[in-house]
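Engineer: predicted model follows, preceded by the sequence.
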Amino acid sequence: MAEPIEMRDAEPESPEAKPSACPDCGSTAIVAIAYGMPVREMRAESGGEPGPAGAVGQSPRWYCQYCFHRWPQDLFSELDWAAESEQQYLTEKTAEFASLCVEAAMTPHPEEPAVEKYWLQDNGRRVFLMSFPWGRVRVERGLHLVPLGGPPVYEASADSVPQGVDEHKAKRLAQLAAVRFDRKTSA
Ligand SMILES: [Zn+2]
């Protein structure tokens with residue numbers, strides 16, 4: 001009896017060629033994002049591949065395993081607030097930023113990560129790759145609320161956080177390190 005053929009490695013139907021390098025960091029560790037997966041992020045909880053997010057929709061199509069960039073740029077995060085309550089989002093982000101600033105003015109937490117790399121995207125977003133002993137967290141500083149009188153937004157994302165690591169705490173420490181870094185470099 002013939003084994004069913006595993007189609008996973010087959011080329012995607014799209015004629016779009018795989019980019020040779022990540023437009024953000026230049027890494028060649030690029031994978032195509034699989035569609036038809038559950039919305040939001042699928043985490044590799046069982047030690048599998050650091051699964052790329054399977055957002056339902058048109059984009060993004062590509063995922064960088066080094067800096068966790070997804071492109072074409074996913075604008076969900078900037079559209080979310082417009083679709084729901086702008087005012088509530090603005091209030092939440094203002095409070096979040098204020099609390100980050102308070103903490104960033106204090107002595108760094110011993111587990112706070114180092115800035116491994118940072119760069120500026122064409123859209124004005126600043127991207128930080130924060131280095132923990134177990135891996136990296138990506139932080140993007142978006143300025144989309146500034147025209148509304150809001151704060152910069154530091155969004156943290158991580159993939160394949162190992163067991164035993166508090167992901168929420170790691171993201172918070174990464175955000176703090178980014179705020180601290182921004183203060184130092186803009187002073
Ligand atoms: Zn990259």
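Structural biologist: On my side now, so go ahead.

Engineer: tell me where the protein has helices.
Structural biologist: Assigned helices in the chain, in chain order: 76-83, 86-104, 167-186 (criterion: DSSP state H).

Engineer: okay, these, which one's buried deepest?
Structural biologist: helix 167-186 (a mean of 18; mean count of other CB atoms under 10 Å). In this view, the C-beta of every residue, glycine as well, is placed from N, C-alpha and C.

Engineer: which residues sit against it?
Structural biologist: Applying CB atoms under 8 Å, 6 or more residues apart in numbering, the external contacts of helix 167-186 come out as 100-101, 103-104, 108-109, 111-115, 118, 126, 128, 130, 132, 137, 139, 141, 152, 154, 156-158, 161.

Engineer: just the buried ones from the residues you listed?
Structural biologist: Neighbour-count burial (16 or more other CB atoms under 10 Å) is assigned, among the contacts of helix 167-186, to 100, 103-104, 112-113, 115, 118, 126, 128, 130, 132, 137, 139, 141, 152, 154, 156-158, 161.

Engineer: check E140 and give its pLDDT.
Structural biologist: pLDDT for E140: 96.

Engineer: if you could redo that for Y89, that was the one I meant.
Structural biologist: Reported pLDDT for Y89: 87.

Engineer: tell me the contacts of A95?
Structural biologist: No residues are in contact with A95 under the rule CB under 8 Å, 6+ apart.

Engineer: low-scoring pLDDT stretches of this structure, where are they?
Structural biologist: Within the chain, the stretches with pLDDT under 70 are 1-16, 36-59, 74-84, 187.
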